[in-house]
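# Model the following, please.
(one chain, ligands or ions: 1)
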Amino acid sequence: ISFVILMFVVAFTEDVIKIGAYFPMTGGIAAFGQMTWQGIQLANEERPTVLGKKIQLILVDNKGDKVESANAVSRLIDQEHVVAILGAVASSDSLAGGAVAEAKRIPMVTSSSTNPLVTMNKDWIFRSCFIDPFQGLVGAKFAFNDLKAKKVVIFMDIAQDYCVGLANYFEKTFKGYKGTSVVREYYNTGDQDFSAQIINAMDQNPDLIYIPGYYSEIAIIARQLQDMGYTGKILAGDGAEAPELIKIGGDAVEGLYFTTHYNAEGPATPKAREYVKAYKTKYNKIPDSLGALGYDAYNMVIDAIEKAGSATPRNIRNALATLKSFEGVTGYITIKDGNAIKSAVIDQVKDGDFKFIKIINP
Ligand code: PHE
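Have a look, this model is predicted:
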């Protein structure tokens with residue numbers, strides 16, 4: 001018993017504040033984890049202390065896997081005694097990790113998981129990104145009004161909560177427009193051959209293919225679409241935004257549109273301009289959405305600790321739940337039911353780069 005008490009005292013009187021993080025640093029969506037972590041590290045360099053204490057970040061690689069995610073969150077809480085957690089990237093992973101954080105009453109902020117279930121009926125889970133009912137609506141509106149699409153085929157990754165959700169939200173809005181039709185084709189994370197689905201899709205003679213998946217599969221699908229003679233448009237969601245999309249997809253992803261969170265060319269707040277400078281200085285490249293969202297998630301937690309004047313999990317949670325007009329790099333963030341209400345961006349792959357098309361407000 002005395003050992004347990006001692007551990008307890010040590011955990012709460014240390015002069016460091018421990019914040020956990022679980023992101024995919026290896027595996028199929030490793031590019032996302034690395035980009036996010038770069039944003040968080042920059043934020044931590046700029047703000048290394050709070051309430052006079054050093055902030056210690058503890059990163060666990062969840063490999064983009066649900067079971068690894070749940071284990072990572074358990075370990076961060078039980079062994080590292082973190083007071084808050086950042087992560088994960090993929091919605092399926094945040095659902096798994098979030099269930100553990102909720103049960104153990106440690107606040108968690110996901111920077112990029114957009115599926116609504118991640119925060120629904122949860123008291124301890126928050127996010128710095130928008131949610132997919134909004135992203136799906138933005139995509140459908142853009143497809144109908146700007147791309148003039150009527151016949152859409154959706155490629156849905158049934159292994160990912162994010163992809164299933166976003167496909168459904170897109171379809172719901174898009175089908176509400178006059179004279180439109182939607183057909184679905186299904187695949188699984190890690191699939192390499194999409195020829196059967198592409199043959200079915202081509203039979204529909206679509207003017208748009210919507211792929212709300214992750215970059216590896218989007219790039220391969222786009223390549224095979226091109227090889228099989230598809231010349232129409234392609235639209236994707238935020239899961240497209242990684243340099244790997246272009247590395248793998250090459251000229252097959254040229255012209256592809258996607259909805260996302262942030263583009264350095266369209267600063268949503270004054271802070272966004274400073275971020276571009278700081279990020280370019282540190283990393284010698286143009287900032288991406290995931291890094292910006294990670295940067296915002298970190299600062300939301302530190303702001304919450306500052307505002308609460310305390311770094312206990314309960315006080316951090318309460319401050320996060322009432323966060324208002326927080327000035328982030330990806331927009332102004334006001335938390336409602338754990339969610340952030342904010343703008344979306346449309347980008348297009350142009351000359352092997354991500355070109356800013358426009359910002360869409362909620
Ligand atoms: N929104 C995706 C999800 O919920 C993750 C993601 C966000 C990927 C932003 C890339 C960019 O799974």
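
# what about stretch 169-179, near the ligand?
No. Against the ligand, stretch 169-179 shows no contacts by C-beta under 6 Å from any ligand atom, the least distance being 12.1 Å. For every residue, glycine as well, the C-beta is placed using N, CA and C.

# Correction: the previous question concerned stretch 213-228.
No. Stretch 213-228 stays clear of the ligand (C-beta under 6 Å from any ligand atom), getting no nearer than 6.7 Å.

# Tell me the buried residues in that stretch?
The neighbour-count check on stretch 213-228 (16 or more other C-beta atoms under 10 Å) flags 213-226 as buried.

# Stretch 352-362 now?
Buried, per 16+ other C-beta under 10 Å, within stretch 352-362: 354, 356, 357, 360.

# Would you mind measuring from the residue nearest the centre of the chain to the ligand?
The centre of the chain sits closest to residue 112, judged by C-alpha atoms, centre = their mean, with a distance of 1.9 Å. Counting by C-beta to the nearest ligand atom, to the nearest Å, the separation of residue 112 from the ligand is 3 Å.

# where does that residue fall, phi/psi-wise?
When read as degrees, to the nearest 10, the backbone of residue 112 gives phi -140, psi 0.

# Check the gap between it and residue 132 for me.
11 Å (C-beta to C-beta, to the nearest Å).

# Over to residue 61?
When distance is defined by C-beta to C-beta, residue 61 is 25 Å away from residue 132.

# More neighbours: which of the two?
For residue 61 versus residue 132, neighbours defined as other C-beta atoms under 10 Å are more numerous around residue 132 (31 against 18).

# What residues does the closest residue to residue 142 other than its chain neighbours make contact with?
Closest residue to residue 142 apart from its sequence neighbours, by C-beta to C-beta, 6 or more residues apart in numbering: residue 346 at 5.8 Å. Going by C-beta atoms under 8 Å, 6 or more residues apart in numbering, residue 346 touches 138, 142, 257, 258, 259, 260, 357, 358, 360.

# Okay, and which of those residues map to strands?
Using DSSP state E, the members of the contacts of residue 346 that fall in strands are 257, 258, 259, 260, 357, 358, 360.

# export those residues to TSV and tack on pLDDT and distance to residue 186?
Compiled in TSV, these are given as follows (pLDDT from 0 to 100; distance: C-beta to C-beta, whole Å):
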residue	pLDDT	distance to residue 186
257	98	22
258	98	20
259	98	21
260	98	24
357	97	29
358	94	31
360	92	28
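
# how about a markdown table for the residues you listed, with distance to residue 120 added?
A markdown table is the format used below for the ones in strands among the contacts of residue 346 (distance: C-beta to C-beta, whole Å):
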| residue | distance to residue 120 |
| --- | --- |
| 257 | 29 |
| 258 | 25 |
| 259 | 21 |
| 260 | 23 |
| 357 | 31 |
| 358 | 29 |
| 360 | 23 |
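
# Between the residues you listed, which sits nearest the ligand?
Using C-beta to the nearest ligand atom, residue 260 is the member of those that sits closest to the ligand, with 6.4 Å.

# Please identify which pair of the buried residues of stretch 213-228 lies farthest apart.
The span of the buried residues of stretch 213-228, defined through C-beta to C-beta, is set by 214 and 226 at 19.1 Å.

# Can I get the contacts of residue 346 in CSV including distance to residue 96?
Formatted as CSV, the contacts of residue 346 follow (distance: C-beta to C-beta, whole Å):
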residue, distance to residue 96
138, 27
142, 31
257, 31
258, 26
259, 25
260, 24
357, 34
358, 34
360, 30
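
# From the residues you listed, pick the one nearest residue 281.
Within the contacts of residue 346, proximity to residue 281 (C-beta to C-beta) peaks at residue 260, which comes in at 23.4 Å.

# Retrieve the pLDDT associated with the residue nearest to the centre of the chain.
We note a pLDDT of 98 for residue 112 in this prediction.

# Nearest to the ligand: which residue in the stretch 151-300 of the chain?
residue 162 (3.2 Å).

# sec struct for that residue, please.
Per DSSP: H, G, I helix; E, B strand; the rest coil, the local secondary structure of residue 162 is helix.

# what's near enough to touch it?
By C-beta under 8 Å, 6+ apart, residue 162 lies in contact with 90, 91, 92, 113, 114, 115, 132, 212, 237, 239.

# which residues of the stretch 251-362 of the chain fall in helices?
Taking DSSP state H, counting those that start in this stretch as the criterion, the stretch 251-362 of the chain contains helices spanning 270-283, 289-308, 313-321.

# Only the C-alpha atoms, please, for stretch 209-219, written as PDB.
The C-alpha trace of stretch 209-219 is given here as PDB (Å, rounded to 0.1, in the frame of the first residue of the first chain):
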ATOM      1  CA  ILE A 209     -15.600   9.300 -58.800                       C
ATOM      2  CA  TYR A 210     -15.600  10.100 -55.100                       C
ATOM      3  CA  ILE A 211     -13.000   8.300 -53.000                       C
ATOM      4  CA  PRO A 212     -13.200   9.300 -49.300                       C
ATOM      5  CA  GLY A 213     -10.300   7.000 -48.400                       C
ATOM      6  CA  TYR A 214      -6.600   7.300 -47.400                       C
ATOM      7  CA  TYR A 215      -3.800   8.300 -49.700                       C
ATOM      8  CA  SER A 216      -2.200   4.900 -50.500                       C
ATOM      9  CA  GLU A 217      -5.500   3.400 -51.800                       C
ATOM     10  CA  ILE A 218      -6.600   6.700 -53.500                       C
ATOM     11  CA  ALA A 219      -3.300   6.800 -55.400                       C
END
